[in-house]
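Q: here is a sequence with its predicted model. Questions after.
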Amino acid sequence: MSADRIAELLAANNEYQQDARASRAQAKRYKEERDRANRNRDMWQSQCERQAEKLATFRAIIRAALPIIEQNRNELFDGHQIDGELRVEDEHDQIAANDIAEMDLWLVSARCELEAEAGGHG
């Protein structure tokens, strides 16, 4: 084999080895990127699962509190109404009216949250 042929084969081998090193480095970068993406996916999935658990707990508390708040609201209204109309004649009536308004707002919000759950929007 001639010296020129040997030099040509050595150059081709060196080029092949450089390409192989570059390919291994690229493969390593792709693997690291894939691993990072998988870690992020796992992190977000865990976070979503934790939030879903918290939301389920929150909704269970709402379901338990809803009839209690509604009963308290109705009893408070009954104690400060005349002929089915809330009467504000003194400071205590005003406090009751404010509490009733706050409970009404809570009840509407609670029902909306439970409707969102039933409709699959939450």
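A: Now that the structure is in, tell me what you want to look at. Numbering: from 1, shown residues only.

Q: switch to C-alpha atoms for all contacts and neighbour counts from now on
A: Will do.

Q: can you give me the strands for the chain?
A: 81-82, 85-86 (DSSP state E).

Q: quick one: closest of these to residue 49.
A: Minimum separation from residue 49 across the strands of the chain (CA to CA) falls at strand 85-86, 45.1 Å.

Q: give me the residues contacting the closest one.
A: With contacts defined as CA atoms under 8 Å, 6 or more residues apart in numbering, strand 85-86 is touched by 77, 80, 97.

Q: per-residue pLDDT, residue 121?
A: Note on residue 121: pLDDT of 55.

Q: also residue 54?
A: Predicted confidence (pLDDT) for residue 54: 95.

Q: how close does it get to residue 118?
A: Distance of residue 54 to residue 118, given as CA to CA, to the nearest Å: 17 Å.

Q: likewise residue 84?
A: Residue 84 is 33 Å from residue 118, by CA to CA.

Q: residue 18 too?
A: Residue 18 sits 61 Å away from residue 118, going by CA to CA.

Q: which parts of stretch 70-89 are buried?
A: Within stretch 70-89, the residues that qualify as buried are 70, 73, 76-77, 80, 86-87, counting by 16 or more other CA atoms under 10 Å.

Q: in TSV: those, plus pLDDT and distance to residue 31.
A: Shown next, in TSV, are those (pLDDT from 0 to 100; distance: CA to CA, whole Å):
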residue	pLDDT	distance to residue 31
70	97	57
73	96	60
76	95	65
77	94	66
80	90	70
86	89	69
87	89	72
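
Q: touching, residue 80 and residue 96? I think so.
A: Yes: counting by CA atoms under 8 Å, residue 96 is a contact partner of residue 80 at 7.3 Å.

Q: where do the contact lists of these two overlap?
A: Common neighbours of residue 80 and residue 96 (CA under 8 Å, 6+ apart) do not exist.

Q: the longest helix anywhere in the chain: how far from the chain's middle?
A: The longest helix of the chain (DSSP state H) is helix 3-79. The chain centre lies 14 Å from the centre of helix 3-79; the measure is CA atoms, centre = their mean, to the nearest Å.
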